[in-house]
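Asker: with the sequence up front, the predicted model follows.
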Amino acid sequence: MLNWFLAFVPIAIVLHHFAPGRYELVFITAAIGILPLAAWLGRATEQLADRSGEGIGGLLNATFGNAAELIIALAALRAGLYDVVKATIVGSIVGNILLVLGAAMLAGGMRYPEQHFNLAGARAQATMLTLAAIALIIPAAYHGLVGELYAGGEKSLSISISLVLLVVYCMFLLFSLWTHPSFFCGVNLPDDETSSQPWSLSWSIAVLAICTSAIAWLSEILVGTIEPTAQALDLSDIFIGVFVIAILGNAAEHASAITAAIKNRMDLSLSIAIGSSIQVALFVAPLLVLASLIIGPEPMDLLFGKGLILAVFVAVLITGQIASDGRSNWLKGVQLLAVYLILGLAFFLTPRA
């Protein structure tokens, strides 16, 4: 069904070049055009995931699934839209563990009374999410305590924390893929349903390359229309970044995580949803901070607003509780989606600065 939306890709490009003043129309067509591209990117990564098992498969899916968010964030970074970059980071973290995981648990729970996943791996991932929340809280606490006494301290602290997070993320990859892969093995056997013809390795890689390039092109167009569109619709840049852009960027994870849950592969579903949030918090965010030293107008820090920090905190809190018993059902999915809806209402009603 999403394939019909591929028609919006050339439409957005044509409008961008021949009707640049129609910001809202360009934004909407570019946003819709990204959806099918992200879905195809997700299908290609799922094909690669089927060749490599739950742990590596979830990592591959999360990595390429986050390509859309990373590309959009880099485009915004070059434009100096740091508030949008930070909102996109938080939106991706919150969206993956509340919206994507919630939808996957709901979809799987509608088919199975109860599903199970590897408890040891889920707890390890939940702990990494807690570390991510701490990494976002500390710069804000530092700013409140000594920020005014030490000019530039937040940026120095942010660069240092970014380096620590990158090292920890590498250690997590070593832990999950090399020393303790059994923690992330599936506890369920997938349904013996007739699957579609698998793609060849060359075709999967070609689809990844084409989709990534097209998403990069549309992202440049999308970012250039964020501010005028937000002003025209009377929406805050934070709402656009946390929810609109994050939902578009999470389209690939959505499709893959829900499909995995329906096939009773909850370990793969968790690896995609929670693993994607971990990757954004511990790899993408630090990478953007370091990239801002080269391509940004000025260095970006990890000083997030109180509302953004609170959103991450409550998302990590409820996800840790839901993943603590190794079981999932449709009610847990509803609970995650309810928290996401509540946060969405709060940000939607936040006035423009």
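Answerer: Arrived safely. Numbering: from 1, shown residues only.
Asker: what helices or strands is the helix or strand that contains residue 335 leaning on?
Answerer: Using DSSP states H and E, residue 335 maps to helix 330-348. With contacts taken as 3 or more Cβ pairs under 8 Å, 6 or more residues apart in numbering; DSSP states H and E, helix 330-348 sits against helix 101-111, helix 237-239, helix 306-322. Yep, even glycine has a C-beta here, placed from its N, CA and C like the rest.
Asker: quick check: closest non-adjacent residue to residue 330.
Answerer: Excluding the flanking residues, the one nearest residue 330 by Cβ to Cβ, 6 or more residues apart in numbering is residue 109, at 2.8 Å.
Asker: same question, residue 108
Answerer: Among residues not flanking residue 108 along the chain, residue 261 sits closest, at 3.3 Å (Cβ to Cβ, 6+ apart).
Asker: I'd say residue 135 and residue 163 touch.
Answerer: No. If you go by Cβ atoms under 8 Å, residue 135 and residue 163 don't touch, sitting 11.4 Å apart.
Asker: so residue 302, which state does it fall into?
Answerer: Put simply, residue 302 is coil when judged by DSSP: H, G, I helix; E, B strand; the rest coil.
Asker: these two touch, right, it and residue 158?
Answerer: Yes. If you go by Cβ under 8 Å, residue 302 and residue 158 touch, sitting 4.1 Å apart.
Asker: okay, and the common contacts of the two?
Answerer: Residues touching both residue 302 and residue 158 (Cβ atoms under 8 Å, 6 or more residues apart in numbering) are 139, 289.
Asker: if we can go back for a sec, how close does the residue nearest to residue 108 sit to residue 38?
Answerer: With distances taken as Cβ to Cβ, to the nearest Å, residue 261 is found 18 Å from residue 38.
Asker: which one's more surrounded, those two?
Answerer: Legend: neighbour count by other Cβ atoms under 10 Å for residue 261 and residue 38, higher for residue 261 (29 against 26).
Asker: what's the helix or strand for that one?
Answerer: Assessed by DSSP H and E, residue 261 sits inside helix 251-262.
Asker: so which elements touch that helix?
Answerer: Short answer (3+ Cβ pairs under 8 Å, 6+ apart): helix 251-262 packs on helix 23-50, helix 54-65, helix 67-78, helix 101-111, helix 266-279.
Asker: just to revisit the earlier point, the helix holding residue 335 relative to helix 306-322, how many degrees between them?
Answerer: Angle, helix 330-348 to helix 306-322, by axes from the mean of the first three to the mean of the last three Cα atoms, to 10 degrees: 180 degrees.
Asker: buried sites along helix 330-348?
Answerer: Neighbour-count burial for helix 330-348 flags 330, 332, 333, 335, 336, 337, 339, 340, 343, 344, 347 (criterion: 16 or more other Cβ atoms under 10 Å).
Asker: among these, find the lowest-pLDDT one for me.
Answerer: Lowest in pLDDT among the buried residues of helix 330-348 is residue 347, which has 87.
Asker: give the contact list for that one.
Answerer: So residue 347 contacts 236, 238, 239, 242, 243, 307, 311 (Cβ under 8 Å, 6+ apart).
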